[in-house]
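*Asks:* structure, please.
(one chain, ligands or ions: 1)
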Amino acid sequence: MVRATTTDIEKTVQDVTKNVFIRPPEVQKRYLNTPKPHWISSEGKIICHQPYKKYLRTDIADILARFGVNDPYLEERELIAQVFPFKINEHTLSLIDWNNFLTDPVAQLIFPQPGMLAESEIDQLRQLKHAKVSREIFAKAISEIRQTKNPAPANQSANRPTIEEGEDVEVVDGIQHKYSKTMLMFHKNAQTCHAYCTYCFRFNQFVGKDPFLEDDAQRMLKYVKQHPEITDILMTGGDPATMATEKWKECLLPLLEPEYNHIKTIRMGTKALTYYPYRFLTAADADELIDLFKLMTQKGKHISIMAHFSHYNEMGTICLEATKRLRQAGCVIRTQAPLMKHINNAGEVWAEMWQQQVSNGLIPYYMFVARDTGPQKYFEVTLAEALTIYQTARKELSGLGHTARGPSMSCSPGKVCVIGRETISNEDVFVLKFLQGRNADWTDRVFFAKYCNQATWIDQLKPAFGDQKFFFEDELKQIIS
Ligand code: SF4
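*Replies:* Just a heads-up that it's a prediction; the model follows:
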């Protein structure tokens, strides 16, 4: 094998840069507006481009009719979709087993379900609808219901940092900096997804109720420059894969300058591999995005795709082609998902999903616990069940499938994982561990809570061994205030 020299790599980088980033405007425009007609898979199979076509709440009845579903809950679904936004697209429709629509995991993942609101809430909306009240009255009722669903969990507004210049202190809305090494960027152009998950905790963002967005890269770059402790930038959303490659370039290319040498990793939190894998294959600016990632990796930045997969049914041929292409560009794909009743609350589902991921070169990374937000009641699984499901899945896999951490709660103190149940000094306890802490010193600290087979979130747990509070509580209050 002939090894590439540093000069070769530099030359390639220059070629890529020239090819990708310095096109005459008229060529660039044509390039960006033209999707590729098809993609030829590694096995020589032709995958035709599918233009992105979305469907919203008012299309639910037509979709169900098209696939021959006689749905007993149509009205409920349409009402619930007023509270939790609904969006699906042609590709995602193809992942559903329409003969089993009521129980299909992908249908549960995207279509509103009757149990997602309380009976009384659905009745209230039904009555308002039948009374034909004004749009304002209906919108007010919806907004009030949303407010009861904890739309900003885990004290997210406490994670917004400031930029200090002399006496001036500016709060940076579109950034969160909770853990010292990692900064999250919420770009204004990434505030949507190719489809919406029913369990999404970002439902306020999708209806324009979240003001915490960043509309250009400049303040993010300024903040990063002032914080040499940051090594990782997590581009999040919505789904940043929905953002045009032009915007990606504005964020990433400056990071190649020496003053950003402390930035080692760029993470992209995305579900586009499932919801619209054409984004990485045939979409108009797919090649440009792949070239950008290649350039970044050749220049020494690690690109980690934080891919959201809820069920192995999402991992079809087109999805896997997209994963291959990203990996060939030098990206590493790590996978994560919440554990949700009706979708993936069985050890066998996780075992199969993680095995398929390992077989295809993806790295299982996280199993999350359903957050205390949105339709949590419909999807929640107790911590005791979550632990059993996690342990069952791991038993089915070789060590390579044991890379996923979980079941983990992304809560106000940090990422807290339930690592076991033990009897210590005659007390039945959960063993908990900080994977990340709001205070970095909490990382990896183990602590104990009384075992409880009903608890679904950390705030329902009580300290074990007669303690009045968990070790971090006082300090957490101080940090947040
Ligand atoms: S892909 Fe992520 S951000 Fe988008 S709807 Fe699903 S959970 Fe929410």
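*Asks:* surely I96 meets A107?
*Replies:* Yes. I96 sits in contact with A107 when judged by C-beta atoms under 8 Å, with a separation of 4.9 Å. Heads up, the C-betas are built off the backbone N, CA and C, glycines and all.
*Asks:* R334: how many residues sit nearby?
*Replies:* Residues near R334, counting by other C-beta atoms under 10 Å, number 18.
*Asks:* in its sheet, what does the host helix or strand of it sit against?
*Replies:* Element membership of R334, judged by DSSP states H and E, is strand 332-339. Sheet pairing of strand 332-339 (DSSP bridges) gives strand 302-308 (parallel), strand 363-369 (parallel).
*Asks:* any chance of JSON lines for those, columns distance to A440 and mean neighbour count?
*Replies:* Output for the strands paired with strand 332-339, formatted as JSON lines (distance: least, C-beta to C-beta, whole Å; neighbours: other C-beta atoms under 10 Å):
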{"stretch": "strand 302-308", "distance to A440": "20", "mean neighbour count": "21"}
{"stretch": "strand 363-369", "distance to A440": "19", "mean neighbour count": "22"}
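*Asks:* which stretch among these comes nearest the ligand?
*Replies:* Nearest of these to the ligand, taken as C-beta to the nearest ligand atom: strand 302-308 at 5.5 Å.
*Asks:* not counting its own residues, what contacts the closest one?
*Replies:* 234, 264-271, 273-274, 293, 296-297, 323, 326, 329-337, 362, 365 (C-beta atoms under 8 Å, 6 or more residues apart in numbering).
*Asks:* can I get that strand in PDB? Just the C-alpha atoms.
*Replies:* Taking Å, rounded to 0.1, in the frame of the first residue of the first chain, the C-alpha atoms of strand 302-308 are listed here in PDB:
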ATOM      1  CA  HIS A 302     -12.800  15.200  14.100                       C
ATOM      2  CA  ILE A 303     -16.400  15.100  12.700                       C
ATOM      3  CA  SER A 304     -18.700  13.000  14.800                       C
ATOM      4  CA  ILE A 305     -22.200  12.400  13.500                       C
ATOM      5  CA  MET A 306     -24.500  11.900  16.600                       C
ATOM      6  CA  ALA A 307     -27.100   9.900  14.800                       C
ATOM      7  CA  HIS A 308     -30.500   9.500  16.300                       C
END
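*Asks:* report the next helix or strand after that strand in sequence order.
*Replies:* Beyond strand 302-308 in the direction of the C-terminus, DSSP H and E gives the next helix or strand as helix 317-328.
*Asks:* what inclination does that following helix have with respect to strand 302-308?
*Replies:* Between the axes of helix 317-328 and strand 302-308, defined by axes from the mean of the first three to the mean of the last three C-alpha atoms, to 10 degrees, the angle is 160 degrees.
*Asks:* what packs against helix 317-328?
*Replies:* Under the contact definition 3 or more C-beta pairs under 8 Å, 6 or more residues apart in numbering; DSSP states H and E, helix 317-328 sits against strand 46-48, helix 272-275, helix 286-298, strand 332-339.
*Asks:* just the ones you listed: most buried one?
*Replies:* Comparing the helices and strands packed on helix 317-328 by mean neighbour count (mean count of other C-beta atoms under 10 Å), helix 272-275 ranks first with a mean of 26.
*Asks:* what packs against that one?
*Replies:* By 3+ C-beta pairs under 8 Å, 6+ apart, helix 272-275 packs against helix 90-93, strand 302-308, helix 317-328.
*Asks:* thinking again about what came up before, intersect the contacts of strand 302-308 with the contacts of the ligand.
*Replies:* Counting by C-beta under 6 Å from any ligand atom, the subset of the contacts of strand 302-308 that neighbours the ligand consists of K271.
*Asks:* what does the protein have sitting close to the ligand?
*Replies:* So the chain meets the ligand at C193, Y196, C197, C200, R202, G237, G238, D239, K271, H308 (C-beta under 6 Å from any ligand atom).
*Asks:* which residues does the fourth one contact?
*Replies:* It refers to C200. Residues near C200 by C-beta under 8 Å, 6+ apart: F84, C193, F206, G374.
*Asks:* neighbours of the nearest residue to Y278 once chain neighbours are set aside, how many?
*Replies:* Closest residue to Y278 apart from its sequence neighbours, by C-beta to C-beta, 6 or more residues apart in numbering: Q50 at 5.7 Å. Counted with other C-beta under 10 Å, the neighbours of Q50 add up to 18.
*Asks:* hmm, H91 and Q50 touching each other?
*Replies:* Yes. Here Q50 lies in contact with H91, judged by C-beta under 8 Å, at a distance of 5.8 Å.
*Asks:* joint contacts of those two?
*Replies:* Y278.
*Asks:* for G316, see how far away the nearest residue to F470 once chain neighbours are set aside is.
*Replies:* Closest residue to F470 apart from its sequence neighbours, by C-beta to C-beta, 6+ apart: P463 at 5.3 Å. As judged by C-beta to C-beta, to the nearest Å, P463 and G316 stand 46 Å apart.
*Asks:* now whichever strand or helix holds W248: buried residues?
*Replies:* For W248, the element it lies in under DSSP H and E is helix 245-252. Using 16 or more other C-beta atoms under 10 Å as the test for burial, helix 245-252 gives T245, K247, W248, K249, E250, C251, L252.
*Asks:* the nearest residue to C452 once chain neighbours are set aside and the ligand: what is the separation?
*Replies:* Nearest non-adjacent residue to C452, counting by C-beta to C-beta, 6+ apart: L461, 6.4 Å away. Distance, L461 to the ligand, using C-beta to the nearest ligand atom, to the nearest Å: 25 Å.
*Asks:* what do you get for D104?
*Replies:* Taken as C-beta to the nearest ligand atom, the span from D104 to the ligand is 17 Å.
*Asks:* and that residue, backbone torsions?
*Replies:* Note on D104: backbone dihedrals following degrees, to the nearest 10 are phi -60, psi 130.
*Asks:* you'd agree it is up against D97?
*Replies:* Yes. If you go by C-beta under 8 Å, D104 and D97 touch, sitting 4.8 Å apart.
*Asks:* what do those two both touch?
*Replies:* N313.
*Asks:* G115: how many residues sit nearby?
*Replies:* Neighbour tally, G115, other C-beta under 10 Å: 17.
*Asks:* correction: the previous question concerned A455.
*Replies:* 18.
*Asks:* quick revisit: which ones among the residues of the chain next to the ligand are found in strands?
*Replies:* H308 (DSSP state E).
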